[in-house]
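J.: pasted the sequence and its predicted model underneath.
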Amino acid sequence: MKLQNIERRKITENFLAFYLLLVLLLWMKTYFTQFTQFVLGVEGIFQHFLLFINPLGSALLFLGFAFLLKGRSKYIFILTVYTLLTTLLYANVVYYRYFDDFITLPNLYNTSNFGNLGGSVLALLEPTDILYFVDILIIIILLCMKKIKIDTTPIKRSKAIAILSFGLGISCLNLGLAESDRPQLLTRGFDRNYIVKYLGMYNYQIYDAYQTTKANAQRALADSNDAVEVVNFTKSLYAEPNPKFFGVAEGKNVIYVHLESIQEFLIDFELNGEEVTPFLNRLKADSNTIYFENFFHQTAQGKTADAEYMIENSIYGLPQGSAFITRGRNTYHAAPAILKDYGYTSAVFHGNGGSFWNRNEIYKSFGYDHFFDANFYEISDENRAEYGLMDKPFFEQSEELLSSLPQPFYTKFITITNHYPFPLDEGLATIEKPETGNDIVDGYFQTARYADEALEQFFQYLDETGLLENSLIIMYGDHHALSEKYYEELSELLDIEIGPVESAELQRVPLFIYMPGLEGGIKSTYGGQIDLLPTLLHLLGIETKEYVHFGTDLLSERHIELVPFRNGNYVSPRIYSVDGHFYDYVTGEEITEEHKLYNQAIELKEKTEFTLQLSDELVNGDLLRFYTPPNFTPVDRTEYDYSVSETNEEQ
């Protein structure tokens, strides 16, 4: 590529110059986006250099395929690819604003959710977002006005190959430098942040597509031998039940309440001298309640669906997308199916559409007898939240449905109102907003109070009908509400400085286990959502040793106090693993190679990654189809129909 080739004609008449202009624009646009919009944990000059250089190889390569075309078609192709890459970049920006994560291929299967998102998506948009597409509009206008003229000069195949090779070479150099700083980057890719930081947004999307394709192929290639390792591993995790609690709830109704976006810091928190969650605070202090103050959510991209997946199965959600969407027809040994053999009727109550998160399909695989979705509720403009029926009318309208179920029952109520972006009509708010200046943060405390009041209303109903006396009630937070984007405001409100350890601690969500006559108290045990199923079954007097559970009974003296997060991080009573670094929770200092806890930290890291790997193999290979626990009746999906007409006929 000689400079005189560019100088031979005006720059606006030369395709190579046009190509280099788009490469430069895409490179800079992507770099500044990665640097300013994503929290990637870039440290030191070398990592910053990699962040700066990684979009270049992708831009050169993807746009360079235009040189294989002729005439006008190469302009159409290069501008189309440029627009698609810009759109992909922007889509990840919007997605990241809420999920603190990047789009994966399985997310694209989740189109059934898009129609239900309402104002949540609009709340993520910002006026400056138009800047992502201004350059495209200008280029199109210049082409239409012929200020940029079409260069139809034939391009030698050797030049095209040279350009593509150069782009590929830059990408390979990038990968080599990344591997030198982060060995096994692509083979230990639990954390997408690392892939984007080292290889860039576009190479990450290729990596994700490969990983997704590989995971989808696992089921076809899996056989019964693959299940053996998983079964043996989970049996090694088994924690025998605590005799003090085993069977104390035998024969009781089970009521799960899924506390949307309720984080642990809300409990006992006062805003302007007023409790945000007064009912939950009283419940925590109740002598019939076991409250876990070190209970963590372990969700990834599936958020709410991941939380449900874990509490029903004691299996981790997937690192990409949601198992609710992509693995809805797998074989499961879920709580509803287990309890059916003990005479339980099961039901889910949720004031949103049944197709959201593919619930109306995967619940069949779990063995749920009933799914009362939005079709069973009266929803109007006055009682509608962003994701369906608001909590107070939801619980009120659920009363008749709940009373129709034969006892004992296993039920789950999924609340909605306290969901991002936390809007609430002024007339419904019963606590003043904080004054952080951020509408999302300020609104969160008002919707949390509303949710607290709705729960109190529900408990009153249970008490008045006698159901409270005969039920075990478990309430858990599903995932965090306020991401790193809002840490500045949170830091001010909570009066703490949020560093790596504090960031991990903010993944705490509340866990209440309530039953009249239960010996309650506050537990400091470390645990997560993965541990709820074996805990519940032991409370009901059901042994779990033969089931494939990755969690352990929270009340067992042999409970394993290691809480893996989906990105490969973990927390434990002494050691926290955060973004590739280890911290001593007691002293707050970083654990380096010279530290006495370093070998233990590495051991816990390896155990975390191995556990997640086996869980992924189980889910992607659908390995439970090769294993049936003793005395368990496999689920037949064809037996379930959640339509309104079918339910009315049964009643």
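T.: All right, it came through fine. Residues are numbered from 1 along each chain as shown.
J.: pLDDT weak spots in the stretch 51-200 of the chain?
T.: 99, 106-121, 187-191 (pLDDT under 70).
J.: mind running it again at 80?
T.: Residue ranges of the stretch 51-200 of the chain with pLDDT under 80: 98-101, 104-123, 182-194.
J.: over to the stretch 301-450 of the chain?
T.: Counting by pLDDT under 80, the stretch 301-450 of the chain has low-confidence residues at 386.
J.: cool, and the stretch 501-650 of the chain?
T.: Scanning the stretch 501-650 of the chain with the threshold set as pLDDT under 80 gives 644-650.
J.: all helices of it, in order?
T.: Per DSSP state H, counting those that start in this stretch, the stretch 501-650 of the chain carries helices over the ranges 532-539, 598-620, 644-650.
J.: residue ranges of each domain in the chain, please.
T.: The chain breaks down by automatic domain parsing into domains covering 3-217, 239-560.
J.: what's the most buried one of those?
T.: Among the domains of the chain, ranked by average contacts under mean count of other C-beta atoms under 10 Å, first place goes to domain 239-560 (a mean of 20). To be clear about C-beta, it is placed using only N, CA and C from the backbone, and glycine gets the same treatment.
J.: now do the same end-to-end measure for it.
T.: Domain 239-560 has an end-to-end distance of 8 Å (criterion: C-alpha to C-alpha, to the nearest Å).
J.: run the chain-centre distance for that domain.
T.: Distance of domain 239-560 from its chain centroid, counting by C-alpha atoms, centre = their mean, to the nearest Å, is 15 Å.
J.: how much space between L131 and K29?
T.: From L131 across to K29, the span is 9 Å (C-beta to C-beta, to the nearest Å).
J.: so where do the helices sit in the stretch 101-250 of the chain?
T.: 119-124, 131-144, 157-181, 192-199, 201-221, 224-237.
J.: and the strands in the stretch 401-550 of the chain?
T.: Using DSSP state E, counting those that start in this stretch, the strands of the stretch 401-550 of the chain run over 409-414, 471-477, 511-514, 521-528.
J.: so what touches the second one?
T.: Pointing back at strand 471-477 there. For strand 471-477, the surrounding residues in contact (C-beta atoms under 8 Å, 6 or more residues apart in numbering) are 249, 252-259, 261-264, 295, 297, 307, 311, 455, 462, 509-515, 518, 529, 532, 536, 539-540.
J.: quick one: average confidence on that strand?
T.: Across strand 471-477, pLDDT averages out at 98.
J.: quick revisit: any idea which of the domains of the chain gets closest to S224?
T.: domain 239-560 (12.5 Å; C-beta to C-beta).
J.: hang on, L532 packs against M310?
T.: Yes. At 7.2 Å, L532 counts as touching M310 under the criterion of C-beta atoms under 8 Å.
J.: so who does the residue lying closest to N313 once chain neighbours are set aside touch?
T.: Spatial nearest neighbour of N313, excluding adjacent residues (C-beta to C-beta, 6 or more residues apart in numbering): A334 at 5.2 Å. Applying C-beta under 8 Å, 6+ apart to A334 gives the contacts 312-313, 365-367, 635.
J.: cool, L511 as well?
T.: L511 neighbours (C-beta under 8 Å, 6+ apart): 291-292, 295, 474-477, 527, 532.
J.: try it again with 6 Å
T.: Contacts for L511 (C-beta atoms under 6 Å, 6 or more residues apart in numbering) come out as 292, 295, 476.
J.: okay if I get the residues you listed as CSV plus distance to L20?
T.: Shown next, in CSV, are the contacts of L511 (distance: C-beta to C-beta, whole Å):
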residue, distance to L20
F292, 58
F295, 54
Y476, 54
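J.: out of these, which is nearest to D553?
T.: Using C-beta to C-beta, those come closest to D553 at F292, 12.3 Å.
J.: what's the host helix or strand of that closest one packed up against?
T.: Using DSSP states H and E, F292 falls within strand 289-296. Strand 289-296 sits against strand 511-514, strand 521-528, with contacts defined as 3 or more C-beta pairs under 6 Å, 6 or more residues apart in numbering; DSSP states H and E.
J.: got a list of contacts for that strand?
T.: Here strand 289-296 makes contact (C-beta under 6 Å, 6+ apart) with 283-284, 507-508, 511-514, 520, 522-524, 526-528, 563.
J.: turn the helices and strands packed on strand 289-296 into TSV, columns for distance to E43.
T.: Formatted as TSV, the helices and strands packed on strand 289-296 follow (distance: least, C-beta to C-beta, whole Å):
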stretch	distance to E43
strand 511-514	34
strand 521-528	28
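J.: closest to F67 out of the ones you listed?
T.: strand 521-528 (51.4 Å).
J.: how about the CA coordinates for the closest one, as PDB?
T.: The C-alpha coordinates for strand 521-528 follow below in PDB (Å, rounded to 0.1, in the frame of the first residue of the first chain):
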ATOM      1  CA  GLY A 521     -32.200 -16.200  65.300                       C
ATOM      2  CA  ILE A 522     -29.700 -14.300  63.200                       C
ATOM      3  CA  LYS A 523     -27.200 -16.600  61.400                       C
ATOM      4  CA  SER A 524     -23.800 -15.300  60.200                       C
ATOM      5  CA  THR A 525     -23.400 -18.400  58.000                       C
ATOM      6  CA  TYR A 526     -22.100 -17.700  54.500                       C
ATOM      7  CA  GLY A 527     -24.400 -19.100  51.800                       C
ATOM      8  CA  GLY A 528     -26.200 -18.400  48.500                       C
END
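J.: so in that sheet, which strands flank that strand, and in what orientation?
T.: Note on strand 521-528: by DSSP bridges, its sheet partners are strand 289-296 (parallel).
J.: average pLDDT for the partner strand?
T.: Mean pLDDT, strand 289-296: 98.
J.: from the contact counts, what lies against the host helix or strand of R282?
T.: Assigned by DSSP H and E, R282 falls within helix 278-285. Helix 278-285 sits against helix 439-465, with contacts defined as 3+ C-beta pairs under 6 Å, 6+ apart.
J.: L389 and G351 touch, don't they?
T.: Yes. Judged on C-beta atoms under 6 Å, L389 makes contact with G351 at a distance of 2.8 Å.
J.: could you measure from R566 over to H479?
T.: Distance from R566 to H479, counting by C-beta to C-beta: 11 Å.
J.: G528 now?
T.: From G528 over to H479 the distance is 12 Å, taken as C-beta to C-beta.
J.: who does E274 bridge with?
T.: Assigned bridge partners for E274, using DSSP bridges, are L271.
J.: and it, what's its pLDDT?
T.: If you check E274, the pLDDT there is 96.
J.: from Q446, how far off is it?
T.: 12 Å.
J.: ok, now Y309?
T.: From Y309 across to Q446, the span is 30 Å (C-beta to C-beta).
J.: what do you get for G302?
T.: Taking C-beta to C-beta as the measure, G302 falls 27 Å from Q446.
J.: for L20, same thing?
T.: Distance from L20 to Q446, counting by C-beta to C-beta: 52 Å.
J.: now P154
T.: Relative to Q446, P154 is positioned 65 Å away (C-beta to C-beta).
J.: and what of Y487?
T.: Separation of Y487 from Q446 (C-beta to C-beta): 20 Å.
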